[in-house]
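Trainee: Return a 3D structure for these sequence lines:
(2 chains)
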2 protein chains.
Amino acid sequence: MKDFTMNAPKTATPAKPYTYEKSQAAFQRAFQVIPSGIYGHQGPSEGCYVPQTAFPLFSSRAEGSYFWDLDGNKFIDYMCGYGPNVLGYLDADVDAAARKQALIEDVVTIPSTVMIDFAELLVDTVASADWAFFAKNGGDTTTLAIMTARAATHRKKIVFFNGFYHGADPWTQKLDYPGVLEEDVANNLYVDFNDFAAIEKLFSDYRGQIAGLIAQPYMHGNFVDNVVPDEGYWQKVRALCDAHGVVLIVDDVRAGFRLDLAGSDHYYGFKADLICFCKALANGYNVSALCGIAALKDAVSSISYTGSYWMSAVPFAAGIACINKMKALDTPTLFRQLGTELTTGLAAAAADHGFNLSISGEPSLFYMRLADDDSLMLHQEWIAECVQRGAFFSSHHNHFINAALTSADIARTVEIAHDAFSIVRANHPEMS
Amino acid sequence: MKDFTMNAPKTATPAKPYTYEKSQAAFQRAFQVIPSGIYGHQGPSEGCYVPQTAFPLFSSRAEGSYFWDLDGNKFIDYMCGYGPNVLGYLDADVDAAARKQALIEDVVTIPSTVMIDFAELLVDTVASADWAFFAKNGGDTTTLAIMTARAATHRKKIVFFNGFYHGADPWTQKLDYPGVLEEDVANNLYVDFNDFAAIEKLFSDYRGQIAGLIAQPYMHGNFVDNVVPDEGYWQKVRALCDAHGVVLIVDDVRAGFRLDLAGSDHYYGFKADLICFCKALANGYNVSALCGIAALKDAVSSISYTGSYWMSAVPFAAGIACINKMKALDTPTLFRQLGTELTTGLAAAAADHGFNLSISGEPSLFYMRLADDDSLMLHQEWIAECVQRGAFFSSHHNHFINAALTSADIARTVEIAHDAFSIVRANHPEMS
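Mentor: So this is what the prediction gives:
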């Protein structure tokens, strides 16, 4: 039997795991008055996949790359609010811009010109943007995108890549999900990413019926290795869309501004017709944007689409400060460096303990999985040990980097990973 | 010929109308980078109904019951951001609560317990609420409501009242609208409000197929007199829904908290199964809520539904402060008094000039229309003269009252109305 512990750092004495008494008590309160207690990623519907007791449930404050839970435990946060935290929590520059605007006006009967300033900045920044339309959810922009594709082409069908996520509206869901009707998804067509022959066949089979193709810039699905585009794939898809008059929609809600400030289509060397932004747009202030090419401006203008808070000035002011700071820091380069440093360190720690940690996707949005056990149970066990020692990872979702993360945070995270691997190794003598 | 001017106040020398050079210049900038320049109510798609040149297009600041446009013109605002301004712009208490929370955390990977506090407050406040689910748009909650009705009943059809507005999602739109498919509206059934025999027939014709009925508490449509429920109507509809197992959904996005802090269903003496809130929830901070009865908690919990910013703590903190202040001020009673004072004054001013101003709907959300001309052109002309003198009304939409509005504001508004009636009268010698 090989002794893997000899490879672990000499100082590695696994810390006592965090406990979550106050979080659990708060959850009992929440469960009385909120469906599922907590909805979304941290709720039981997803939580059943993770060792729920290993995770904190409620936060008490957040700053920079950290948050603290209700029990006072501190976490280095690699989920970043599932994306919005791009510069660090409580970023001084973004918050100052928001506070300044809040003293002037926010939601008013007629908009502030800060809406124009923000649209101009996006048009200057995003390669495929000739215009910008603002809303609140990422899903508002994906819904408007498919409506625009249909209005422009007078066709019905929308092509999706298997493993997609484009929001929570019924048309983005699956037929067997509660509350979803066959009519909601009747015009959805599905194809595998990176399989160009399959998409050619689909476009041929449904010639003249396909309004749009909607896609994340690369596949960052849950529970599976993330998949980046093959060399030349997007260029071929772009040409095929042009040949068939299909509107190419990039859903950059998750990856947007993390790979390239000019858009993830620009990063991969092609140009979207419509591009959806949300999470990283304003460091957490509530705003989303659909941007697009001039040729689709009349189509989007023809659609009846608005919401109560869509002209809020404070998120626009925050968004301007956020984009300008991302430019000044060159966050895409920084995130690639930090993500590479972290994932290299984690993979090396795994190897030191005789595990194989598979890293996929782009470094700034990396997905990871212990490849020693396809059931992912071993992976979940390791994640649970990391979380309980202060490295907040997800067991099934891609991660996020923010600009407040430091090399010291990464070094500490790798130490925690070592501790967690030691414990998992000790728990599984049968694997040695 | 009767001399109507003799009835006007002696001091009435109509002020020089406002002009909007800076607003118009800003619109030219906006038009370059934003579809339609401005979307929503003030945009050209609705703006074509109003004398566009009579309205300011961009605001420079807002406080209390006023906003100022880019040209420095001051307006007494009866649109209140189309609803969100319920306590007055820059309300000190709500803004202080929001600022305090913003220094702690807003959008974080796991939620703040302020989410629980807000849910508990809504459950305590809203008569039909056993739970609360938070999102960003009113439309997020109407969509979740119909999904919940379908998940709970395993039926497809949704009943709407003709003249409805339930958001901008494709299922809420009309088949001939750009980007809307027949599949989007295939399960919508329509019936006239206050026609109980018609709804009985519909429920009978589609027995066992109707999942839900969605309705505003009364009809506040655009361009038409608003219609309150006939005595006993809602009670009969409630009983019919019970008999047929149909989920009764009240869309209180617009009227919510303005008629009754316990919900507009409570105001009219019935109980909704699901109730949708948004605009008046947090004085403009971006949050919406679906509330409902205990029997539907499992159904809503079963649905996959989330968004990037749905756990933002700042809007929850603002919402708590807003609801507590609305309770302390008893805003529904205040709004009824202020709305009655205003509409009485406006109708009397109209009569003084020989016009018939028809007031409909509830006083806190009154709709008005000059009944002397069914084309509404005369009404639009009068509205334009009011707006250009500082009383910001809509020519086609219901209005809103906020708690910062004073009797002095109302007196000044009635003066403006007199001036505007004088001008309209002078412009139309053929009517005398």
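Trainee: okay, CA-based contacts and neighbour counts for the rest of this
Mentor: Fine.
Trainee: May I have the secondary structure class of the residue in the stretch 101-250 of chain A positioned nearest to chain B?
Mentor: Closest approach between the stretch 101-250 of chain A and chain B, counting by Cα to the nearest Cα: residue A:109, at 3.6 Å. The assignment at residue A:109 comes out as coil when based on DSSP: H, G, I helix; E, B strand; the rest coil.
Trainee: all strands for chain A, in order.
Mentor: A:59-63, A:66-69, A:74-77, A:131-135, A:157-161, A:188-191, A:210-215, A:247-251, A:274-277, A:288-292, A:357-360, A:367-370, A:391-392 (DSSP state E).
Trainee: Report the central residue of chain A.
Mentor: Centroid-nearest residue in chain A, with Cα atoms, centre = their mean: residue A:254, separated by 3.3 Å.
Trainee: excluding its backbone neighbours, what's nearest residue A:17?
Mentor: In space, and not counting its chain neighbours, residue A:17 is closest to residue A:388: 5.0 Å by Cα to Cα, 6 or more residues apart in numbering or on different chains.
Trainee: need the contact list for the one you found.
Mentor: Listed by Cα atoms under 8 Å, 6 or more residues apart in numbering or on different chains, the contact set of residue A:388 reads A:17, A:18, A:19, A:54, A:55.
Trainee: The second one: neighbouring residues, count only.
Mentor: Pointing back at residue A:18 there. Using other Cα atoms under 10 Å in any protein chain shown, residue A:18 has 18 other residues around it.
Trainee: Kindly report the same for the fourth one.
Mentor: Counted with other Cα under 10 Å, the burial measure for residue A:54 works out to 20 neighbours.
Trainee: Tell me the pLDDT of residue A:431.
Mentor: Here the pLDDT value assigned to residue A:431 is 84.
Trainee: May I have the residues that are in contact with it?
Mentor: By Cα under 8 Å, 6+ apart, residue A:431 lies in contact with residue A:425.
Trainee: now it: how far from chain B?
Mentor: Distance of residue A:431 to chain B, given as Cα to the nearest Cα, to the nearest Å: 34 Å.
Trainee: List phi and psi for residue A:88.
Mentor: phi 110, psi 140 (degrees, to the nearest 10).
Trainee: Dig out what the residue nearest to it when sequence neighbours are not counted forms beta bridges with.
Mentor: Distances taken as Cα to Cα, 6+ apart place residue A:64 nearest to residue A:88, at 4.1 Å, with adjacent residues excluded. Beta-bridge pairing of residue A:64 under DSSP bridges involves residue A:89.
Trainee: distance of residue A:64 from residue B:104?
Mentor: From residue A:64 across to residue B:104, the span is 12 Å (Cα to Cα, to the nearest Å).
Trainee: Neighbour count: these two, which is higher?
Mentor: Neighbour count, other Cα under 10 Å: between residue A:64 and residue B:104, residue A:64 has more, with 21 against 17.
Trainee: need the contact list for residue A:407.
Mentor: residue A:338.
Trainee: From residue A:28, how far off is it?
Mentor: 38 Å.
Trainee: for residue A:127, same thing?
Mentor: Counting by Cα to Cα, the gap from residue A:127 to residue A:28 is 48 Å.
Trainee: Counting neighbours, go ahead and name the busier of the two.
Mentor: Neighbours were counted for residue A:127 and for residue A:28 using other Cα under 10 Å; residue A:127 has more, 21 against 12.
Trainee: ok, the more buried one - contacts?
Mentor: Counting by Cα under 8 Å, 6+ apart, residue A:127 makes contact with A:262, A:263, A:266, A:271.
Trainee: Correct me if wrong: the residue nearest to the centre of chain A contacts residue A:85.
Mentor: No. The criterion here is Cα atoms under 8 Å, and residue A:254 misses it with residue A:85 at 11.5 Å.
Trainee: Now do the shared contacts for those two.
Mentor: Counting by Cα under 8 Å, 6+ apart, the shared contacts of residue A:254 and residue A:85 are A:279, A:280.
Trainee: Could you chop chain A up by domain?
Mentor: With domains defined by automatic domain parsing, chain A comprises A:4-77+A:331-431, A:92-329.
Trainee: where do the helices sit along the stretch 51-200 of chain A?
Mentor: Ranges of helices in the stretch 51-200 of chain A, per DSSP state H, counting those that start in this stretch, are A:92-102, A:114-125, A:138-153, A:196-205.
Trainee: Highest mean neighbour count out of those helices?
Mentor: helix A:138-153 (a mean of 26; mean count of other Cα atoms under 10 Å in any protein chain shown).
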